[in-house]
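Colleague: sequence plus predicted model, see below.
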Amino acid sequence: MIITITIPFPRNWGQGEDTHAYLLKNDEVAILIDAGLDCEDNRKFIKSKMRELEVRNLEYILITHGHIDHFGLAGYLQEETGAEILVHELDGKFLKDYRNALNWFDENYEALIEGGYNSEELKLMKNKMLMTIEMLRMPKYYKTFKNLNNFKLESLHLPGHTAGSVGYVLRDVIFSGDVAIEGGTVVENLRMEINSIQKLKSFKYIFPAHRKTPLLKEDIENLEKHFINRLEELLRIIRNGMRLRDIIRNMYGEEGSFRDLLRLRNLISYLRFLEEEGYVMKRGQFWISIRDYFE
Ligand SMILES: [Zn+2]
Ligand SMILES: [Zn+2]
């Protein structure tokens, strides 16, 4: 039996998306795939859900990837039930210390400076992120978490959204985290992401962690179109050459917010993909398109 449990985005945190967790349950064992964000309300919510659904032996909490809206509440559930948390080894570092989510920032620092950001504002952005991360409610530690090597329910590595994203496979159904979300998803590596969504097409039902669920093959094809549209939009925007900062301003209007960093990560992955494919090149600090349409 598959039960969808939609865990709310905390109301006092501003704008954000609810997370679908999925409970697999038979008479002997229960497994939860993903858990939402941790806050007092969500603790109450999940506790009463577990009672209502008569979940007595939660054995595993399977995490699709190392983002806090997927594993936040898992620590609390582990304390309550003794369930084991499993995650792909490439994303395990985020459960150890969520500040690792900022590694990307340091690795891309030079590219950001070159892209028109100055060191002062980058420092500010990073501090803002760190403050947000420190405000997040993290359990002291996740008592156990293992790599997925020996697990019964099959896991399928689907990198792209994060390096350690996985889907959990149950016959013709897959629980796919943030690999495919209706309307689009942010990516760390677009080439890997495109490969990963291809793999989803062979499943009858695809259960994502946000928005519409389940997704069908047509939804995945729409997502592919979404990526192509975004690539073409980007090629048009940089026809005359543009710095990272100005591309962000052009595509999203505002700038300087917390979301900019996610957008920058997404944008850099698009540009690197287009560069490898021979659609864009970099001249000094400017990215410029050398072909108009993505084929
Ligand atoms: Zn995610
Ligand atoms: Zn998510």
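Modeller: Cool, the structure landed. Ligands and ions are numbered 1, 2, ... in the order given.

Colleague: would stretch 50-70 count as contacting ligand 2?
Modeller: Yes - applying Cβ under 5 Å from the ion, one finds stretch 50-70 touching ligand 2 at residue 69. Yep, even glycine has a C-beta here, placed from its N, CA and C like the rest.

Colleague: for that stretch, measure first residue to last.
Modeller: End-to-end span of stretch 50-70 (Cα to Cα, to the nearest Å): 17 Å.

Colleague: tell me the mean pLDDT over it?
Modeller: Mean pLDDT, computed over stretch 50-70, is 94.

Colleague: same check, this time on stretch 111-121
Modeller: Computed over stretch 111-121, the average pLDDT equals 92.

Colleague: neighbouring contacts of it?
Modeller: For stretch 111-121, the surrounding residues in contact (Cβ atoms under 8 Å, 6 or more residues apart in numbering) are 105, 122, 243-246, 256, 264, 268, 285.

Colleague: how far does that stretch sit from the chain's center?
Modeller: 25 Å (Cα atoms, centre = their mean, to the nearest Å).

Colleague: give the buried residues for it.
Modeller: For stretch 111-121, burial by neighbour count (16 or more other Cβ atoms under 10 Å) applies to 111-112, 114-117.

Colleague: restricted to helices, list those.
Modeller: Mapping the buried residues of stretch 111-121 onto helices (DSSP state H) picks out 111-112, 114.

Colleague: how about the contacts of stretch 111-121, which pair is most distant?
Modeller: Checked with Cβ to Cβ, these reach their widest spread between 105 and 246, with 19.8 Å between them.

Colleague: OK, contacts around the residue lying closest to residue 196 once chain neighbours are set aside?
Modeller: Sequence neighbours aside, residue 158 is the residue nearest to residue 196 in space, at 3.9 Å (criterion: Cβ to Cβ, 6 or more residues apart in numbering). Counting by Cβ under 8 Å, 6+ apart, residue 158 makes contact with 165-167, 176-177, 179, 196, 199-200.

Colleague: do you know how far residue 158 is from ligand 2?
Modeller: Here residue 158 is placed at a distance of 14 Å from ligand 2 (Cβ to the ion, to the nearest Å).

Colleague: what distance do you get for that residue to residue 216?
Modeller: To residue 216, residue 158 is 17 Å away according to Cβ to Cβ, to the nearest Å.

Colleague: the closest residue to ligand 2 within the stretch 101-250 of the chain - how many residues pack around it?
Modeller: Nearest to ligand 2 in the stretch 101-250 of the chain, going by Cβ to the ion, is residue 178, at a distance of 4.4 Å. Counted with other Cβ atoms under 10 Å, the neighbours of residue 178 add up to 24.

Colleague: how about the backbone phi and psi for the closest residue to it other than its chain neighbours?
Modeller: Nearest non-adjacent residue to residue 178, counting by Cβ to Cβ, 6+ apart: residue 161, 4.7 Å away. Per-residue torsions, residue 161: phi -70, psi -50 (degrees, to the nearest 10).

Colleague: what of residue 213?
Modeller: Dihedral angles for residue 213 - degrees, to the nearest 10 - are phi -150, psi 140.

Colleague: was I right about it contacting residue 180?
Modeller: No - counting by Cβ atoms under 8 Å, residue 213 stays clear of residue 180, with 10.5 Å between them.

Colleague: since that was my last question, I'll sign off now.
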